[in-house]
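1. Sequence below, structure please.
(one chain, ligands or ions: 2)
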Amino acid sequence: MFEPVSCTYTYLLGDRESREAVLIDPVLETAPRDAQLIKELGLRLLYAGQSRDQTLGSQRGWAAVSGVGRRGPELLSLREKDLGWDFRSSLYALLDLSLLSLPVNTHCHADHITGSGLLRSLLPGCHSVISRLSGAQADLHIEDGDSIHFGRFVISPKRWPKGEPVPFTLHQEPPRQGTGKTAAPAARVVLALETRASPGHTPGCVTFVLNDQSMAFTGDALLIRGCGRTDFQQGCAKTLYHSVHEKIFTLPGDCLVYPAHDYHGFTVSTVEEERTLNPRLTLSCEEFVKLMDNLNLPKPQQIDFAVPANMRCGVQTPTS
Ligand SMILES: N[C@@H](CCC(=O)N[C@@H](CCS)C(=O)NCC(=O)O)C(=O)O
Ligand SMILES: [Fe+2]
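-> Numbering: from 1, shown residues only. Ligands and ions are numbered 1, 2, ... in the order given. Predicted coordinates:
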């Protein structure tokens with residue numbers, strides 16, 4: 001899904017059978033739209049139980065929306081009663097139906113407020129996720145090599161076309177005994193996102209790779225024919241160059257690349273395309289650093305309030 005003000009992509013990955021899903025990089029303003037989609041698709045709450053983080057809970061009782069007003073970027077604090085019906089009702093639909101949102105973030109965003117805080121506040125048991133190195137608050141902190149499991153289903157060998165390579169990790173279950181006949185073993189398929197640390201745009205940036213390596217969600221480390229800037233949030237061009245080459249370009253060439261932003265109308269690329277055609281990342285490391293140090297881009301319009309808000313997991317709203 002696309003958020004047009006900050007040109008952000010949010011990705012919803014769901015498992016048809018278990019209905020478990022994850023939401024990558026939700027944006028505050030489009031959280032109601034994402035909630036509506038989750039509802040339509042009949043996806044369900046992944047984890048049950050109360051949030052463990054008391055600090056985050058302390059901000060309940062209000063919500064906030066950000067926008068670019070006549071006098072520039074501003075953050076509007078609103079009480080629950082001031083929110084429009086559409087906004088509130090679609091968020092509360094999540095609560096009523098116990099639908100899923102496990103919001104995971106590729107990094108502490110500078111250009112928009114994450115939707116994670118709002119979703120976790122409205123969904124008891126919904127846990128926000130970000131890397132430990134981001135320094136941002138979240139329910140779950142992940143590190144390089146960690147996996148986020150979000151779906152599991154059983155397939156019988158009959159359902160898998162002969163000769164087709166089987167994706168994902170398959171856990172073979174032993175054949176059933178005692179029936180006289182030996183039934184064909186079923187296989188349990190586990191869907192997971194592997195976390196690959198890909199610092200450089202920020203120190204806490206991660207890339208999420210689906211466990212069959214068919215898709216990578218690269219955040220702002222690798223954009224289509226571009227990459228994240230390195231001139232704020234402790235960015236480092238040399239670190240980014242090595243991250244992309246060692247953690248992303250080493251994936252299979254046909255692995256689909258889904259970035260957190262696009263400013264030119266692109267939606268998806270592949271590792272092979274970026275490895276051979278990306279005008280920045282095909283340079284030598286030295287040339288790349290020189291180019292990145294001289295981009296002279298204007299700073300993101302929302303940076304002054306988005307970063308502090310995202311360090312607190314976005315904004316929180318009441319659960320009842
Ligand atoms: N105009 C946008 C901000 C654009 C921007 O700076 N994008 C970042 C990614 C989000 S932190 C970036 O790394 N861009 C790289 C590039 O080459 O454009 C706004 O005001 O929000
Ligand atoms: Fe960013």
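2. Quote the end-to-end distance of stretch 253-271.
-> End-to-end distance for stretch 253-271, by Cα to Cα, to the nearest Å: 5 Å.
3. Next up, the contacts around residue 209.
-> 193-194, 196, 215-217, 251, 255 (Cβ atoms under 8 Å, 6 or more residues apart in numbering). Heads up, the C-betas are built off the backbone N, CA and C, glycines and all.
4. again, but for residue 276
-> residue 282.
5. Let me know the pLDDT of it.
-> At residue 276, the pLDDT value in this model is 98.
6. Quick check: phi and psi at it.
-> phi -100, psi -30 (degrees, to the nearest 10).
7. what do you get for residue 190?
-> phi -110, psi 120.
8. Just give the number of residues close to it.
-> If you count neighbours by other Cβ atoms under 10 Å, residue 190 ends up with 16.
9. what's the answer for residue 40, then?
-> For residue 40, the neighbour count with other Cβ under 10 Å is 10.
10. now the helices for the stretch 101-250 of the chain?
-> Using DSSP state H, counting those that start in this stretch, the helices of the stretch 101-250 of the chain run over 116-122, 237-243.
11. mean pLDDT for these: which is lowest?
-> Minimum mean pLDDT among these: helix 116-122, a mean of 81.
12. Packing partners of that one?
-> Under the contact criterion of 3 or more Cβ pairs under 8 Å, 6 or more residues apart in numbering; DSSP states H and E, helix 116-122 touches helix 31-41, helix 54-57, helix 85-97, strand 103-104.
13. Kindly format the C-alpha coordinates of that helix as CSV.
-> Output in CSV follows, covering the C-alpha atoms of helix 116-122 (Å, rounded to 0.1, in the frame of the first residue of the first chain):
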residue,chain,number,x,y,z
SER,A,116,2.8,1.0,14.9
GLY,A,117,2.0,2.8,18.1
LEU,A,118,-1.6,3.5,17.0
LEU,A,119,-2.2,-0.1,15.9
ARG,A,120,-0.6,-1.7,19.0
SER,A,121,-2.6,0.6,21.3
LEU,A,122,-5.9,-0.3,19.7
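14. Which one (most neighbours) among the contacts of residue 209?
-> That'd be residue 216 among the contacts of residue 209, by other Cβ under 10 Å, with 27 neighbours.
15. Worst mean pLDDT among the helices and strands packed on helix 116-122?
-> Looking at these, the weakest mean confidence is helix 54-57, a mean of 31.
16. who in the protein is up against ligand 1?
-> Proximity of the chain to ligand 1, by Cβ under 6 Å from any ligand atom, involves residues 6, 110-111, 220, 226, 228-229, 261, 263, 297, 300-301.
17. Which of those fall within strands?
-> With DSSP state E as the criterion, strands contain residue 226 from among the residues of the chain next to ligand 1.
18. Can you tell me which of the residues of the chain next to ligand 1 are buried?
-> Neighbour-count burial (16 or more other Cβ atoms under 10 Å) applied to the residues of the chain next to ligand 1 gives 6, 110-111, 220, 226, 228-229, 261, 300-301.
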